[in-house]
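K.L.:
Got a predicted model here, sequence first, then my questions.
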Protein chains: 2
Amino acid sequence: MQSFELDREDLSRIKVALEEGDDVLREVLRDYHASEIAILFEKLPSEAHERIINILPTDIASEVISEMHEESHPGELLINLDPEKRSEIVSELEYDDATDIIAQLDEEEQENILESMDEEDASSIRALLSYAEHTAGGLMNSSLIKVNISQDKKGALDDIIRQSEEMEEFYTIYVVNGDDVLQGVVSIKDIIKAHADVKVQDLLKPDPVYVKADVDQEEVARLISQYNLTTIPVVDDEMKLLGRITVDDIIDVMEEESTEDILKISGVSEDEELSGSWQDAVKSRLPWLVINLGTAYLAASVIRHFDSTVKQLPLLAAYMTIIAGMGGNSATQALAVTVRRISLSDLTDRQAYSTVFKEFLVGLINGSVNGLVVLCVALFYDANPMLGLVLFLAMTGNLMIAGITGATIPLVLKRVGIDPAVASSIIITTFTDCAGFLLPLWLASKFLL
Amino acid sequence: MQSFELDREDLSRIKVALEEGDDVLREVLRDYHASEIAILFEKLPSEAHERIINILPTDIASEVISEMHEESHPGELLINLDPEKRSEIVSELEYDDATDIIAQLDEEEQENILESMDEEDASSIRALLSYAEHTAGGLMNSSLIKVNISQDKKGALDDIIRQSEEMEEFYTIYVVNGDDVLQGVVSIKDIIKAHADVKVQDLLKPDPVYVKADVDQEEVARLISQYNLTTIPVVDDEMKLLGRITVDDIIDVMEEESTEDILKISGVSEDEELSGSWQDAVKSRLPWLVINLGTAYLAASVIRHFDSTVKQLPLLAAYMTIIAGMGGNSATQALAVTVRRISLSDLTDRQAYSTVFKEFLVGLINGSVNGLVVLCVALFYDANPMLGLVLFLAMTGNLMIAGITGATIPLVLKRVGIDPAVASSIIITTFTDCAGFLLPLWLASKFLL
C-alpha cells in the first residue's frame, strides 16, 4: 500500500458523486478510508462535509471527524448537524478526540453539545477540557481498561470485556487498588492462561513508567521514545489513574515539534501552517525579516565605518562578503546540531561546556582550512601576500566566533527557559555578519593601507 | 516521572559499585531501567559493559543490549560474552533487535553467533538479515500472532497463547488462510466474548492497511501516522505475511528523519552524530563549507565586476550586504517550509505550482515592505532619493528570487529523485547572494553614477 495522496481524480470523482443521488455517493465513499475522506474534506466546501457525514455510517463518520484537520473546522461541522445524528457521532468518538474538537468551539456551543450527550460521557469530556492543551492531561484519553488488584481471573476477565465494549482497541490493562491508585500493569495473555484461583495481584508487573497530568507533551514524547512504550498512564499527585496516552497521539506531537524546530531555526513562526495561505506566511515571516533588517543595518554600519578603507581597496568589499557568508553558514551548522540535540534530551552542564568547546574547535579547524584557500587565492590571483594573511586571520576568527555563538546561544536560551530554536539563523548570523565585516576591514586598515 | 538524564551522580554511583563486589553492583543496578543502563553504557568502558551484562538477569541483559546505542557496539559485546550466556541473551531478544545487532558484525562473527542459536531462531534472523536496512523488511519483526481463518474459538485462543509465550506484548492478531496469505485482523476481545462455535472467519475485520517488504521506512512512517496504526503487517508480492512493524520502531525512524532534515537543510551531512566527536563534525561539515566557499567566490566576482562603482559610492558596499542577507534569510524561510512539507507528504503537480506561486507572492510582499524601509532610510538618512529607489527595487527583486528559488529547488530535486533537504540554505543562498550583489550594483551603475 501507499500512503494516500489526494489527487485531482479522487476529488473530481467525489465532486461528481456529490451531484448525483445519495446512493451513488455512498457507493463511491465506500472506496475511501476514514482518514482519506478527512483529507478530501480539506478541498471540499462545508456543505459537502455535512452531506457526506450524514450519509456515512456513524462509526465511519465519527472517525472522519476525529481525523479532520483543525483548519477544516470539525467543531463547526458538529454544531451544524442534526442533534440526534450529532449525539450518535459524539458518543462514538474517543474522549480525547471529542475533547480536542469541542475545545475549538465557544463556550455556549460547548455547552450545547455537552448537554445533548449522556451524563457520563459529558462529565469525562468536561474533565478533559480542564487540562492545558500541550500537557499530558490535554493529550490523554480517560477511557481505559483497569482491573482491581484483588480480583480473581473470572472477575478480571469480565471487567476487561465489559470495559472494552466501548473501545476499539486496547493495549495495556492497568491495575489499581481500591482507591484507584496505579499499582502496575497486567497482560491479557497472562490472565487468559492463569488458573481460575489466581488473583490479579499474582500476575502484576509493578513499577510502570507513568506521567503526571501537567507534564509537557514534549516530555511525554521523550518518555515514550526512551522506554519504547505503546501507552503511558497519566496520574494525579496521589498517583490516582486519570487516563492514558497512546503512542499514535504522540506521533502527531513529534511531527508537530519537529516541524516547529525546523521552522523556528529558519526564522519562520512556529504556528505557520505548512500549507497555509500566502497571507499567513507573510504574517509569520515578515516580523523576523524586519528584525533581520535591523540587525543587517547594524552589520552594515560596521562597513560604513570603514568607508575610506573600502574606497582605497574595493576588492575588500568582495572579500568581506565571503568571510561573513562563510561565518553565517558555519554558525547555522553549529546551531542546527545543538538545537536538535537539546530537543532530543536535556544536556548536563558538563555536556553543555563540551559542546561549546567542540564547536569552537570545529570552527577553528574549518576556519583555518578555508582561510588557507582564501590565502592562496590572494597570493596567486591577487598577488598580495599581506591581503592573504589578513583574510586568513579573518576567516579563522569568524568561523571560531560562528562555532561558539552557534552553540552557546541556544544553550543559554534553554537555561533561561526560552525555546532554543528561537536562536534562529537570523539571530546568530548577526554576530557572524558583524564579525565577518569588522575583522577583514579592521585588519586591512591596520596592516594593508 | 521524568525522562532519564544521565548525570554525574548516577555515573559515579555505578563506577563505585563496579569497584565493589558483584552483590553491591547487582543491588545498585536494580534501581535502573534497562534503557537507562543502556544510556549509562555510553560513558562506561567496554569491560564494564561485559561485567554488568554478566551480572544482570537474562531478560534485563537482553533488553539493555537491544537498547544500546549503535556506537556502544552491542555486537562486539555479544561476541565477547561467554557462549552460553550469549545464546541465552540472544534467544531473549526480539528478532528485529537481534538482527540489527548481528548486522553490525562481520560475516564470520555473524555465523559464529547464528550457529550457536537454535535452528528456528537462526533461520528467522537469517531471513531478516537479507532485507535492506531502511526498508519495511529491515524494520519488521517476524515474530507475530497469527491465526487461521477457519479456526474455531478454542483453537484460535490456544494458538494465540502458544505464540504469545515468546513475546512480551502483542497488539494485533493477524488472520491468514492456509497459504499464509493475509486476510485481515481479529481482536482478542471479540474472540474471548465469542460463543464456542464461532469461527475466526465470523470475527474477521478485512482489508487491513499493509506494506510490502521493500517499501522505504519513511513511507512506512507516513502510513502509520496517516492511519493511526499501532502495528502494520509486512507482506511479500503474493500477500503472504512476513512480519509486522510496531509503532515504537517507527518513532525512532521519525526522530532520525527529522534530525536528518534539520541537519541537511543547515548544510550538515545527515550522518553526523549529534553527540559525535569534533573530528566527525569537521568531516561532516567541511565539504559543505568548501562548496560554499566556491559559491561565495562566484557571488563575490559579481562585486569585483563593479569595482569602480563601489569605489565611487562606497556606501553601496554596505547596502548590498543588507539586500543579499535579507534575500538569504527569506530563501531559508521558503526552503524550510517547502522541505518540511515535502517530507510529510508528496505534493501533486498542482500543489507544487501553487507552492511556488505562494512563495513568489510572499517574496514580493515581504520584499516591498522591507524595500520601503530601506527607501525611507536612504531618503532621510542619506538624503539620496535615487539611491532609495535603487535599493527598493533591489530588495523587492531579491526577495522575489529568494521565494521562487527557496520553493522551486527542493521541489525539482524531489522530482528527479534527490533528497530535497540537500537544497540546503548553503545552496539556495548562492542565488540570493549573487542577485543581492548584482541588483543594487547594476541598478546603481545605471541610474546613480
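P.N.:
Yep, it's here. Here the structure is a predicted model, which means the values were calculated and not measured.
K.L.:
which residues of chain A fall in strands?
P.N.:
Here chain A has its strands, by DSSP state E, at A:145-148, A:173-176, A:182-186, A:205-206, A:211-212, A:231-235, A:241-246.
K.L.:
Could you report the neighbour count for the nearest residue to A:N54 once chain neighbours are set aside?
P.N.:
Nearest non-adjacent residue to A:N54, counting by CB to CB, 6 or more residues apart in numbering or on different chains: A:K85, 6.4 Å away. From N, CA and C alone the C-beta is placed, and that goes for glycine too. Per other CB atoms under 10 Å in any protein chain shown, the neighbour tally for A:K85 reads 15.
K.L.:
wait, what's in contact with A:I251?
P.N.:
B:224-225, B:247, B:250-251, B:254 (CB atoms under 8 Å, 6 or more residues apart in numbering or on different chains).
K.L.:
next one: A:N398
P.N.:
Taking CB under 8 Å, 6+ apart, one finds A:323-324, A:326-327, A:367, A:432, A:435-436, A:439 in contact with A:N398.
K.L.:
can we see that at 6 Å?
P.N.:
Counting by CB atoms under 6 Å, 6 or more residues apart in numbering or on different chains, A:N398 makes contact with A:323, A:327, A:435-436, A:439.
K.L.:
While we're on it, how confident is the model there?
P.N.:
A:N398 is assigned a pLDDT of 96 by the prediction.
K.L.:
The nearest residue to A:L144 once chain neighbours are set aside and A:P208, how far apart?
P.N.:
Using CB to CB, 6+ apart and skipping the chain neighbours, the partner closest in space to A:L144 is A:R244 (4.7 Å). Using CB to CB, to the nearest Å, one obtains 10 Å as the distance from A:R244 to A:P208.
K.L.:
Look at these two and report which has more neighbours.
P.N.:
More neighbours surround A:R244 than the other of A:R244 and A:P208, with 27 against 20 (other CB under 10 Å).
K.L.:
The more buried one pairs with what?
P.N.:
Beta bridges link A:R244 to A:N141, A:P233, judged by DSSP bridges.
K.L.:
From what I see, it and A:P233 are in contact.
P.N.:
Yes: between A:R244 and A:P233 a contact is recorded at 5.2 Å, counting by CB atoms under 6 Å.
K.L.:
if I pick the residue lying closest to A:D433 once chain neighbours are set aside, what's in contact with it?
P.N.:
Spatial nearest neighbour of A:D433, excluding adjacent residues (CB to CB, 6+ apart): A:A299 at 3.8 Å. Residues in contact with A:A299 (CB under 6 Å, 6+ apart) are A:433-434, A:437.
K.L.:
What's the local residue count around the nearest residue to A:T135 once chain neighbours are set aside?
P.N.:
Leaving aside its sequence neighbours, A:T135 sits nearest to A:D214 (CB to CB, 6+ apart; 5.4 Å). A:D214 has 14 neighbouring residues, counting by other CB under 10 Å.
K.L.:
now A:I55
P.N.:
By the criterion of other CB under 10 Å, A:I55 has 14 neighbours.
K.L.:
where's it relative to A:K85, distance?
P.N.:
For A:I55, the distance to A:K85 - CB to CB - is 11 Å.
K.L.:
Which neighbours do the two have in common?
P.N.:
By CB under 6 Å, 6+ apart, A:I55 and A:K85 have no common neighbours.
K.L.:
didn't A:N177 look like it was pressed against A:I149?
P.N.:
Yes: A:N177 lies in contact with A:I149 (CB under 6 Å); the separation is 5.4 Å.
K.L.:
Comparing those two, which shows the higher neighbour count?
P.N.:
A:I149 (20 against 14).
K.L.:
Phi, psi for that one please.
P.N.:
When quoted as degrees, to the nearest 10, the phi and psi of A:I149 stand at phi -60, psi -20.
K.L.:
check contacts around it.
P.N.:
Residues near A:I149 by CB under 6 Å, 6+ apart: A:175, A:177, A:183, A:200-201.
K.L.:
Select only the buried ones of the residues you listed in PyMOL?
P.N.:
In PyMOL syntax, the buried subset of the contacts of A:I149 is picked out as below (16 or more other CB atoms under 10 Å in any protein chain shown):
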select buried, chain A and resi 175+183+200+201
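K.L.:
Mind putting the contacts of A:I149 into CSV with distance to chain B?
P.N.:
Formatted as CSV, those follow (distance: CB to the nearest CB, whole Å):
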residue, distance to chain B
A:V175, 15
A:N177, 19
A:Q183, 15
A:V200, 16
A:Q201, 20
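K.L.:
sorry, back to before: quick check: which of the strands of chain A is nearest to B:M400?
P.N.:
Nearest of those to B:M400, taken as CB to CB: strand A:241-246 at 45.0 Å.
K.L.:
outside of that closest one, which residues touch it?
P.N.:
Contact partners of strand A:241-246, identified using CB under 6 Å, 6+ apart, comprise A:139-142, A:144, A:174, A:176, A:180, A:182, A:213, A:231-236.
K.L.:
From these, list just the buried residues.
P.N.:
A:139-142, A:144, A:174, A:176, A:180, A:182, A:213, A:231-235.
K.L.:
Between those residues, which sits nearest A:E67?
P.N.:
A:N141 (15.4 Å).
K.L.:
Can you name the residues that contact that closest one?
P.N.:
A:94-96, A:243 are the contacts of A:N141 under CB under 6 Å, 6+ apart.
K.L.:
In JSON lines, list the strands of chain A along with distance to A:L129.
P.N.:
JSON lines is the format used below for the strands of chain A (distance: least, CB to CB, whole Å):
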{"stretch": "strand A:145-148", "distance to A:L129": "22"}
{"stretch": "strand A:173-176", "distance to A:L129": "23"}
{"stretch": "strand A:182-186", "distance to A:L129": "23"}
{"stretch": "strand A:205-206", "distance to A:L129": "33"}
{"stretch": "strand A:211-212", "distance to A:L129": "18"}
{"stretch": "strand A:231-235", "distance to A:L129": "15"}
{"stretch": "strand A:241-246", "distance to A:L129": "13"}
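K.L.:
quick one: which of those is nearest A:R304?
P.N.:
It is, among these and with distance given as CB to CB, strand A:211-212, at 55.2 Å.
K.L.:
And the contacts of the closest one?
P.N.:
Under CB under 6 Å, 6+ apart, the answer for strand A:211-212 is A:136, A:220, A:232, A:234.
K.L.:
Starting from it, tell me which strands it pairs with and how they run.
P.N.:
strand A:231-235 (parallel).
K.L.:
Now tell me what touches the partner strand from outside.
P.N.:
Contacts with strand A:231-235, where a contact means CB under 6 Å, 6+ apart, come from A:136, A:140, A:171-172, A:174, A:182, A:210-211, A:213, A:224, A:241-246.
K.L.:
Quick check, central residue of chain A?
P.N.:
Geometric centre of chain A, nearest residue: A:E257, 1.6 Å, by CA atoms, centre = their mean.
K.L.:
any idea how far that residue is from chain B?
P.N.:
Look at A:E257 and chain B: by CB to the nearest CB, to the nearest Å, they are 8 Å apart.
K.L.:
follow-up on the earlier one: can you pull the residues that touch both of A:N177 and A:I149?
P.N.:
Joint contacts of A:N177 and A:I149 (CB under 6 Å, 6+ apart) are A:Q183.
K.L.:
Out of the contacts of strand A:231-235, show me where the pLDDT dips lowest.
P.N.:
Out of the contacts of strand A:231-235, that is A:Y171, at 72.
K.L.:
check contacts around that residue.
P.N.:
Counting by CB under 6 Å, 6+ apart, A:Y171 makes contact with A:230-231, B:171.
K.L.:
which of the contacts of A:N141 lies closest to A:I427?
P.N.:
Nearest to A:I427 among the contacts of A:N141 is A:D96, at 36.8 Å by CB to CB.
K.L.:
give me every residue that touches that closest one.
P.N.:
Here A:D96 is in contact with A:N141 (CB under 6 Å, 6+ apart).
K.L.:
Go again with 10 Å.
P.N.:
A:D96 sits next to A:66, A:124-125, A:128, A:138-143, A:243-246, A:249 when contact means CB atoms under 10 Å, 6 or more residues apart in numbering or on different chains.
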